[in-house]
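Enquirer: Could you work out the structure for the sequence below:
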Amino acid sequence: MKLRNFSGVFLAGILFFSAANAQEKTVTVGGAAMYPSKNIVENAVNSKEHTTLVAAVKAAGLVETLSSAGPFTVFAPTNAAFEMLPAGTVESLVKPENKATLTTVLTYHVVAGKFDSKAVAAMIKAGNGKAEIKTVSGGTLVATMEGSKLVLTDAKGGKSVVTIANVYQSNGVIHVIDHVLLPQ
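Expert: Modelled structure (predicted):
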């Protein structure tokens, strides 16, 4: 009788745990599930498409910041986006002597607050077709819609398209982008 009660409690615990995990809606990025209950860094380290970004975040000393409560909106360039930069750029940026420049580039991809695609679209609509978004680095991104695509234009006129929107995190939201955004 006691064994039956124990097994019932054990089974109920397994079912509760399974139900809790099943309720957590994930998005797959870089071949890995991104869990809304994990923070930006905890999720990003699992994406095969963001290994360069993660290495850069570590080199800049931003792991602790992006693991904090936030909230943050991160426009996360893929490895392919970093590969489009001139040869040697990434290798140069991650050198200790270039930490300040690397930090500026990375924080240009971060916005204080949680802005999902619906919020950005509302900002664009309110701005008559464009929204100026202040980044943590102090720079500005211009968000527009090109058809159904959310496009970000950086300070140098470069454009990046959001390829995966609304990857929710415990401390914000990530939008995957196809180009690295560059400040002045």
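
Enquirer: Now do the strands in this structure.
Expert: For the chain, the strands defined by DSSP state E occupy 27-29, 32-34, 72-77, 110-112, 131-134, 140-146, 149-153, 159-169, 172-177.

Enquirer: Kindly reformat those as JSON lines containing mean pLDDT, distance to Pro183 and mean neighbour count.
Expert: Quick note: C-beta positions are derived from backbone N, CA and C, even for glycine. Shown next, in JSON lines, are those (pLDDT from 0 to 100; distance: least, CB to CB, whole Å; neighbours: other CB atoms under 10 Å):
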{"stretch": "strand 27-29", "mean pLDDT": "83", "distance to Pro183": "25", "mean neighbour count": "17"}
{"stretch": "strand 32-34", "mean pLDDT": "84", "distance to Pro183": "26", "mean neighbour count": "18"}
{"stretch": "strand 72-77", "mean pLDDT": "94", "distance to Pro183": "13", "mean neighbour count": "25"}
{"stretch": "strand 110-112", "mean pLDDT": "94", "distance to Pro183": "12", "mean neighbour count": "19"}
{"stretch": "strand 131-134", "mean pLDDT": "96", "distance to Pro183": "12", "mean neighbour count": "16"}
{"stretch": "strand 140-146", "mean pLDDT": "96", "distance to Pro183": "9", "mean neighbour count": "16"}
{"stretch": "strand 149-153", "mean pLDDT": "96", "distance to Pro183": "12", "mean neighbour count": "17"}
{"stretch": "strand 159-169", "mean pLDDT": "94", "distance to Pro183": "13", "mean neighbour count": "19"}
{"stretch": "strand 172-177", "mean pLDDT": "93", "distance to Pro183": "15", "mean neighbour count": "24"}
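
Enquirer: so which of the ones you listed comes closest to Thr52?
Expert: Nearest of the strands of the chain to Thr52, taken as CB to CB: strand 72-77 at 7.9 Å.

Enquirer: Would you work out how far apart the start and end of stretch 25-44 are?
Expert: End-to-end span of stretch 25-44 (CA to CA, to the nearest Å): 16 Å.
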